[in-house]
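**Student:** Fold the stuff below for me.
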Amino acid sequence: MPSMVQRTNNKSSSCFTNMKEDVPLAHAGMAAQFDLQKQYYAEGKVFALQIESTLQCPQLCDYCYAGSTPESPQELSSATIRQLLDAAAALKVQMIDWLGGDPLMRRDWEALCTYATSLGLINNIWTSGIPLAKPGVAASAVKATKGGFISTHLDSLDRELYGILHGGEKRRGDLRHIGLILKGINNCLAAGKEPGGIVNCITYTTPLAAGDARATIAYFQEKFGIKTCVTLFNPVIQRNGNSSWEPTHAQIKDIFDFRDRVNYPNDPSCGPMDASKFYCGTLVCVTAGGWVVPCSVIRTEEFGNVNKEEFLTILERGRRRLLFLDFRDPAKLPGNCSSCCNNSFCFGCRSSAYYYAGDLMAADPKCFQYNQCSTKKKGSDSHGG
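**Tutor:** Here you go, the predicted model:
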């Protein structure tokens, strides 16, 4: 199993003192072959293709950006997915990120993963974790993700908090899901998946900020040896959630600092995201509705739809913005990012820029390092990194 933690170039020694000189490519194991991914980034190529195969999901997260429910009818056809996999293989894409909803809710998920493997593609499965409670499903998922990872989603072990965050106004989240997800993780470990090949993802909201997020992160590390991927609640896109759930900059910094102390004591985060520019800049997603987007969280119809045009045609036409090619030159980064000491591996979260600033190419307003580390001295022509 390749290491799920990779490292970037050394950072500028002018960074503030709590930063380490080398950091993981992606906390929580977004990709394993760092050198190859970095090469893809330099060449403007797609390293990972996200396929949002279905919007069906049993977990009923109130903050779900895709609006997934157990009955969601929207999904890509099997034929379309196979065409996407063929195109990915032709492009020498390395990884397929299977997204939802919950991709394990599809009847043919295993057959699609097997087809991807036959093309030389590595499968990563992003699931609620609930279907993994069935030992057979867990064993199949472990087999399908050889060389890749499985991501589960359990943001709280507290039954009251779980109920607040799942189910919505008219439905109540099923509290039994907590136990099912934990059972699913145990099933995956029993089937031979190493803890480093599993990650638990939490969506960080203010209900979790009083300490429960810390407890969940610590539990997964101590109980399973599994690390946590932290994503942020965004009221602009996650409309079903309460807008007061949006964490402050101080809360964001606090949870990333804590997560790093527990999971990555020698490798602190550079900002409020768990992926470097080498991941985000080599990624393209196809949503369940067929729309080609830079990542699954950016719900835009700007680029085109695979139900109407060939994927390769859409990709070639929109490549510059889909892969953020202009950001290969730090001098072209937005705002003061061009002089930030983190810009050798970071260009901020593009989804935050899109939803808060209305521009894919804007600065990330949720970056808690932005004002601390990126002020360019007057008359200087250095660009960090």
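**Student:** which SS state does residue 163 fall under?
**Tutor:** Counting by DSSP: H, G, I helix; E, B strand; the rest coil, the backbone at residue 163 sits in helix.
**Student:** which residue sits closest to it in space, ignoring its chain neighbours?
**Tutor:** Counting by CB to CB, 6 or more residues apart in numbering, residue 163 lies nearest to residue 173, which is 5.7 Å off, once chain neighbours are set aside. Backbone N, C-alpha and C define where each C-beta goes, glycine included.
**Student:** secondary structure class for that neighbour?
**Tutor:** Here residue 173 is coil, with the state taken from three-state DSSP.
**Student:** what helix or strand does residue 352 sit in?
**Tutor:** Using DSSP states H and E, residue 352 falls within helix 350-357.
**Student:** Averaged pLDDT, that helix. What do you get?
**Tutor:** Taken as a whole, helix 350-357 has an average pLDDT of 85.
**Student:** where does that helix sit relative to the chain's centre, distance-wise?
**Tutor:** Here the centre of helix 350-357 is set off from its chain's centre by 15 Å, with CA atoms, centre = their mean, to the nearest Å.
**Student:** Also stretch 100-114?
**Tutor:** Offset of stretch 100-114 from its chain centre (CA atoms, centre = their mean): 18 Å.
**Student:** what's in contact with the helix holding residue 352?
**Tutor:** 232, 234, 236-237, 272, 280, 294-295, 297-298, 300, 324, 334, 359-367 (CB atoms under 8 Å, 6 or more residues apart in numbering).
**Student:** Could you list the residues in contact with the helix or strand residue 292 falls within?
**Tutor:** Assigned by DSSP H and E, residue 292 falls within strand 292-293. Contacts of strand 292-293 with the rest of the structure, by CB under 8 Å, 6+ apart, involve 284-287, 299-300, 303-306, 311, 314-315, 318, 322.
**Student:** please redo it, this time with the cut-off set to 10 Å
**Tutor:** 50, 52, 84, 283-287, 299-306, 309, 311, 313-315, 317-318, 322, 351, 354 (CB atoms under 10 Å, 6 or more residues apart in numbering).
**Student:** correct me, but residue 209 touches residue 249?
**Tutor:** No. Look at residue 209 against residue 249 with CB atoms under 10 Å: they stay out of range, at 11.9 Å.
**Student:** Among these two, which residue is more densely surrounded?
**Tutor:** Taking neighbours as other CB atoms under 10 Å, residue 209 and residue 249 compare with residue 209 leading, 18 against 15.
**Student:** measure the more buried one to residue 314 for me?
**Tutor:** Applying CB to CB, to the nearest Å, the value for residue 209 to residue 314 is 39 Å.
**Student:** With residue 356 instead?
**Tutor:** Residue 356 sits 26 Å away from residue 314, going by CB to CB.
**Student:** Could you check which of those two has the larger neighbour count?
**Tutor:** Applying other CB under 10 Å to residue 356 and residue 314 shows that residue 314 carries more neighbours, namely 21 against 17.
**Student:** quick one: the helix or strand harbouring the more buried one to helix 350-357, angle?
**Tutor:** If you go by DSSP H and E, residue 314 is part of helix 311-322. Angle of helix 311-322 versus helix 350-357, following axes from the mean of the first three to the mean of the last three CA atoms, to 10 degrees, is 60 degrees.
**Student:** Please name every helix or strand in contact with the strand or helix carrying residue 180.
**Tutor:** With secondary structure defined by DSSP H and E, residue 180 is part of helix 176-190. Where contact means 3 or more CB pairs under 10 Å, 6 or more residues apart in numbering; DSSP states H and E, helix 176-190 is packed against helix 135-144, strand 150-153, helix 159-165, strand 198-204, helix 212-224.
**Student:** Nearest to residue 44 among those would be which one?
**Tutor:** Residue 44 lies closest to strand 150-153 among those, at 26.6 Å (CB to CB).
**Student:** That closest one pairs with which strands?
**Tutor:** Strand pairing for strand 150-153, using DSSP bridges, gives strand 122-126 (parallel), strand 198-204 (parallel).
**Student:** Distance to residue 63 added to those, as a markdown table?
**Tutor:** Shown next, in a markdown table, are these (distance: least, CB to CB, whole Å):
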| stretch | distance to residue 63 |
| --- | --- |
| strand 122-126 | 15 |
| strand 198-204 | 5 |
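**Student:** Nearest approach to residue 159 belongs to which of the ones you listed?
**Tutor:** Nearest to residue 159, of all the strands paired with strand 150-153, is strand 198-204, at 16.0 Å by CB to CB.
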